[in-house]
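Participant: My questions concern the predicted model and sequence given below.
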Amino acid sequence: MADPGLVRIRVSKNGPYLVDGTVPIARQSILVDDKGESVAWAESERGERGSCALCRCGSSGVKPYCDGTHQTIGFDGTETASRRPYAEAVTSIEGPSLVLMDQVELCAEARFCSAKGRIWRRVADDDDESRDVVIEQSQLCPSGRYTAVDRATGSALEPDLETSIGLIEDPQAGVSGPLWVRGGAQVLSADDEPYEVRNRMTLCRCGGSKNKPFCDSTHVGIGFDDNE
């Protein structure tokens, strides 16, 4: 992960995410195979932005950027997410060579975990293919809900991600998803307290999450569309 001091994202009170620092921002679309299973990411519309304000209420007319709409609609952006470190909040699924850590509250409904036989089942299998699937699909999880840990070394098997922000698109579900914060950017709460720095996080941008500032997959249920 990059030095978290390079990019900071501050959650403003009932307002946008305030990005401090220059960061690449790009569309990140979920690709599916012929079975309809999530298998990869496709990047588009990549650009680099300096300090900016990104919409958190879901109603800006210039998404992903803030246009002040949160003030006119009475947006309640109260943060409700736990401040516990990830390692203290997870449940662990033990396998012969891997441990699969799971913090279900972080689920952004990207569905990589259910592809290729469901990683929470395959982690129990003692073969190279299953191990590779568990590592690959857990690393594709944008929120970091799932993390594979090597039992022999105790090391989390994290992907190498640049410090960047993704705008998740889910064409199969017909919705736009959360902000995908990657590579160790620092997220600060509205009361100026830091959240744990992690390699993968998803921040709500539909305005409806019950786990603010993090995504809880509400965007799927309400049909959030970045273009509206």
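Facilitator: Sure thing, it's come through. Residues are numbered from 1 along each chain as shown.
Participant: counting contacts, what elements does the longest helix anywhere in the chain pack onto?
Facilitator: Criterion DSSP state H: the longest helix present in the chain is helix 128-140. Helix 128-140 sits against strand 38-49, strand 98-102, helix 119-122, strand 146-150, with contacts defined as 3 or more C-beta pairs under 8 Å, 6 or more residues apart in numbering; DSSP states H and E. C-beta here means a position set from N, CA and C on the backbone, and glycine is covered the same way.
Participant: hmm, try it at 6 Å
Facilitator: With contacts taken as 3 or more C-beta pairs under 6 Å, 6 or more residues apart in numbering; DSSP states H and E, helix 128-140 sits against helix 119-122, strand 146-150.
Participant: how about a markdown table for these, with mean pLDDT and mean neighbour count added?
Facilitator: Formatted as a markdown table, the helices and strands packed on helix 128-140 follow (pLDDT from 0 to 100; neighbours: other C-beta atoms under 10 Å):
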| stretch | mean pLDDT | mean neighbour count |
| --- | --- | --- |
| helix 119-122 | 97 | 19 |
| strand 146-150 | 98 | 22 |
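Participant: and residue 227, which of those is closest to it?
Facilitator: Closest of the helices and strands packed on helix 128-140 to residue 227 is strand 146-150, at 29.5 Å (criterion: C-beta to C-beta).
Participant: next SSE after that closest one?
Facilitator: Note on strand 146-150: by DSSP states H and E, the next helix or strand toward the C-terminus is strand 164-170.
Participant: Who are the packing partners of that next one?
Facilitator: When contacts are defined as 3+ C-beta pairs under 6 Å, 6+ apart, strand 164-170 packs onto strand 23-32, strand 175-182.
Participant: From the chain's centre, how far out is the first one? Work that out for me.
Facilitator: Going back to what we said before, that points to strand 23-32. Centre-to-centre, strand 23-32 and its host chain are 11 Å apart (C-alpha atoms, centre = their mean, to the nearest Å).
Participant: what about it, average pLDDT?
Facilitator: Average pLDDT, strand 23-32: 97.
Participant: What distance do you get for the closest residue to residue 104 other than its chain neighbours to residue 217?
Facilitator: Nearest residue to residue 104, sequence neighbours excluded (C-beta to C-beta, 6 or more residues apart in numbering): residue 145, at 6.7 Å. Computed as C-beta to C-beta, to the nearest Å, the residue 145 to residue 217 distance reads 10 Å.
Participant: Find residues that contact each of the two.
Facilitator: Any residue near both residue 145 and residue 217 by C-beta atoms under 6 Å, 6 or more residues apart in numbering counts here, and that gives residue 107.
Participant: if I look at the spatially most central residue of the chain, how far off is residue 27?
Facilitator: The geometric centre of the chain, computed from its C-alpha atoms, lies nearest to residue 202 (C-alpha atoms, centre = their mean), at 2.4 Å. Counting by C-beta to C-beta, the gap from residue 202 to residue 27 is 15 Å.
Participant: and if you look at residue 220?
Facilitator: 18 Å.
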